[in-house]
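Colleague: Here's my sequence, what's the structure:
(2 chains)
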Amino acid sequence: MPPKQIILAVVLSLGLLIFIIEAVRRRKLREEYAWLWLLIGAAILLLALWPGLLEFLTGLMGIELPINTVFFFGMMFVIFINLHFSIRVSQLTNQVKRLTQEIAFLKRLPPRDPPG
Amino acid sequence: MNQSETAGRVLVLIPALNEANSIGRLVDEVRGKHPEFDLLVVDDGSTDDSAETARKHGAIVLSHPFNLGDGAARQTGFFFARRCGYDYLVHLDGDSQHSPDQIDRLLEEVRSGRADLVVGSRFLGACEYELGLLKKIGIRLFSLICSLAIRQRLTDPTSGFRALNKKAIRLFTSGYYPQHYPDADVIISAHFNGLTIQEIPVTMSHSRSDSLHRGGKIIYYTYKMLLSTFVSILGDPYGRKRKCRPNK
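Modeller: Numbering: from 1, shown residues only, chains lettered A, B, ... in the order given. From the prediction side, this is the model:
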């Protein structure tokens, strides 16, 4: 891998990691969601600093070009994190539903005497 | 002690969404026929005066601050029944397609102990209107799936006219109850959780606001029902756990 590419990858992954940690520190990102992003940041950094690993993985998976290995893992990550979000959104939807039902119960109105 | 007290407390539940024009009449009808029952209207985030109208006509009203779905509205009613200690619950749709005259027939089945969940079927009884072809095929399909899954003949799993005893109320408030379209999947999951299900004939009239299974919704409905029916057959993990525990 040419040094320019390595520098670019290292800078990008470090930037990503700093951004994630800063977001957690400012309480904009919760720890339970941060781990996936930290993982991807660390993976990019590792691959940038250790080009042999990417080549090894490429050979292992029978892929011709190392860049396709990067695309493959990138795609897998996007699919996985989206699925993870769908599951969380479903959980949140259920929680909102239950809270709404509780609010309805707490604010219940007794019947008003019918006129006449 | 009057008869209603010895026979257990009954809650009639009507989920309503924008039914201000008809809910008053329906509430009056139910209260006229059954002054001994409590009547709860769950307003599922209506934008009209449904809640206030129902209340004026003598119903207890729970209002969702926004629309959640027909299943969630019913479940809110089940929570109410459970917390307030009702023995039986009958729910009918807010659009007046179910006649309050037939509440007794549904109740009789749960009161006698013959069933935990009673479903009023328009196909065993009289359906006063012609169903669309797609809807007919859909109902047939889900009746078939449902009947095969629970090994008992069912004709109208989409019916919203049902009666429940305490056991069913407990199940639907502690386990899963779908937020939208609580139809065949509810019956199947009730069956696999050890509830006895019975279908009895009822008469249904045409419902004005029957837009549920129309247009693009029919595709989503079919998908949702096939998936949730399938997972109901696989078994609800929470339900299974509950079944093993000694109940009551």
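Colleague: alpha carbons only for contacts and neighbour counts from here, please
Modeller: OK.
Colleague: residues in contact with the residue nearest to B:Pro178 when sequence neighbours are not counted?
Modeller: Among residues not flanking B:Pro178 along the chain, B:Gly71 sits closest, at 5.6 Å (CA to CA, 6 or more residues apart in numbering or on different chains). Shown in contact with B:Gly71 (CA atoms under 8 Å, 6 or more residues apart in numbering or on different chains): B:Tyr177, B:Pro178, B:Gln179, B:His180, B:Tyr181, B:Pro182.
Colleague: Can I get these in TSV including secondary structure, pLDDT and neighbour count?
Modeller: Shown next, in TSV, are these (DSSP: H, G, I helix; E, B strand; the rest coil; pLDDT from 0 to 100; neighbours: other CA atoms under 10 Å in any protein chain shown):
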residue	secondary structure	pLDDT	neighbour count
B:Tyr177	coil	90	18
B:Pro178	coil	89	19
B:Gln179	coil	89	17
B:His180	coil	88	16
B:Tyr181	coil	86	20
B:Pro182	coil	89	22
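Colleague: buried set for stretch B:83-92?
Modeller: B:Tyr86, B:Asp87, B:Tyr88, B:Leu89, B:Val90, B:His91, B:Leu92 (16 or more other CA atoms under 10 Å in any protein chain shown).
Colleague: hmm, back to that, part of a strand, is the residue nearest to B:Pro178?
Modeller: No: per DSSP: H, G, I helix; E, B strand; the rest coil, B:Gly71 lies outside any strand segment and is helix.
Colleague: Quickly note the distance from it to chain A.
Modeller: According to CA to the nearest CA, to the nearest Å, B:Gly71 and chain A sit 11 Å apart.
Colleague: hang on, A:Glu55 packs against A:Ile67?
Modeller: No: using CA atoms under 8 Å as the test, A:Glu55 is too far from A:Ile67 to be in contact (9.5 Å).
Colleague: neighbour count winner among these two?
Modeller: Higher neighbour count among A:Glu55 and A:Ile67: A:Glu55, with 18 against 12, using other CA atoms under 10 Å in any protein chain shown.
Colleague: who's in contact with whichever strand or helix holds that one?
Modeller: Assigned by DSSP states H and E, A:Glu55 belongs to helix A:51-61. Helix A:51-61 is contacted by residues A:Met1, A:Leu47, A:Glu64, A:Leu65, A:Pro66, A:Thr69 when judged by CA under 8 Å, 6+ apart.
Colleague: So which residues of chain B form strands?
Modeller: Ranges of strands in chain B, per DSSP state E, are B:10-16, B:38-43, B:60-63, B:88-91, B:117-121, B:162-165, B:197-201.
Colleague: Looking at those strands, spot the one closest to chain A.
Modeller: Set against chain A and scored by CA to the nearest CA, the strands of chain B come closest in strand B:60-63, at 4.8 Å.
Colleague: Which positions within the closest one qualify as buried?
Modeller: Result for strand B:60-63 [16+ other CA under 10 Å]: buried residues B:Ile60, B:Val61, B:Leu62, B:Ser63.
Colleague: for the strands of chain B, which one sits closest to B:Ile145?
Modeller: Closest to B:Ile145 of the strands of chain B, according to CA to CA: strand B:197-201, at 15.3 Å.
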